[in-house]
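Asks: Whatever this is, show me its structure:
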Amino acid sequence: LNGCSCKSDSGWTGLSDAITQLRDLTELAIDLSNCENVDDKFLTKRDEEDEWTNRILFSDSLTKLDLSFGCTQITSDSLSSVAQQLAGLSKLKFFNLRVDETDISDRGIFRIESVLSSLKQISEVKLDLEGCKAVTDESARLLLDFRKKRIEKANIQINLLETGISERLVKS
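Replies: Residues are numbered from 1 along each chain as shown. I've put the predicted structure just below:
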């Protein structure tokens, strides 16, 4: 659905609900890049106590998860929701997250890194954060340390171009 301009929340939430029904999936790719009307409601919803909960419940049989939300209105709140679910995906080997040109901040990055560090079976990780101006040196260092620790056991690619990190860190 890359580039779709659907403005209906019910359309996006209907897609979320349909994905949740697919319980035996081993691979899932969602590409909503450049869908300017996609926001946190695609991944989260408010429950009866007015708390945010996951709208999409990923199948625990997933071995490959590829999420592309570049140039959307997805925030760190949604990213934390995704991270929360990753922790339960014990078979996950490949994870790709593309959130370039979004308002993702350190808070979401910290949560994703924390969960990825706990997934010992993961063999490939791709994180595209290009253009995320709210990403700072602190979360960039955390991701680079994660990459350094796992480099022998996993293929880890991290794109931090045009983020909010300092010139000094870029050069190192």
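
Asks: So which residues of this protein form helices?
Replies: For the chain, the helices defined by DSSP state H occupy 9-21, 76-86, 106-118, 137-150, 167-171.

Asks: quick one, phi psi at Lys153?
Replies: phi -110, psi -20 (degrees, to the nearest 10).

Asks: How about it: what's its closest non-neighbour residue?
Replies: Among residues not flanking Lys153 along the chain, Ser123 sits closest, at 7.3 Å (Cβ to Cβ, 6 or more residues apart in numbering). Where C-beta positions appear, they are placed from N, C-alpha and C, glycine not excepted.

Asks: Likewise for Phe146?
Replies: Using Cβ to Cβ, 6+ apart, the closest residue to Phe146 is Glu113 (5.4 Å).

Asks: OK, contacts around the residue positioned nearest the centre of the chain?
Replies: When the chain is reduced to its mean C-alpha position, the closest residue under Cα atoms, centre = their mean turns out to be Leu97, at 4.6 Å. Counting by Cβ atoms under 8 Å, 6 or more residues apart in numbering, Leu97 touches 67, 69, 79, 82, 112, 126-128.

Asks: State the pLDDT value of it.
Replies: For Leu97, the pLDDT comes out at 92.

Asks: That one pairs with what?
Replies: Leu67, Leu127 (DSSP bridges).

Asks: just to revisit the earlier point, tell me the spacing between the residue nearest to Phe146 and Asp145.
Replies: Look at Glu113 and Asp145: by Cβ to Cβ, to the nearest Å, they are 9 Å apart.

Asks: and those two? which has more neighbours close in?
Replies: Glu113 (19 against 12; other Cβ atoms under 10 Å).

Asks: give the contact list for Leu22.
Replies: Leu22 neighbours (Cβ under 8 Å, 6+ apart): 28, 59.

Asks: Thanks a lot, catch you later.
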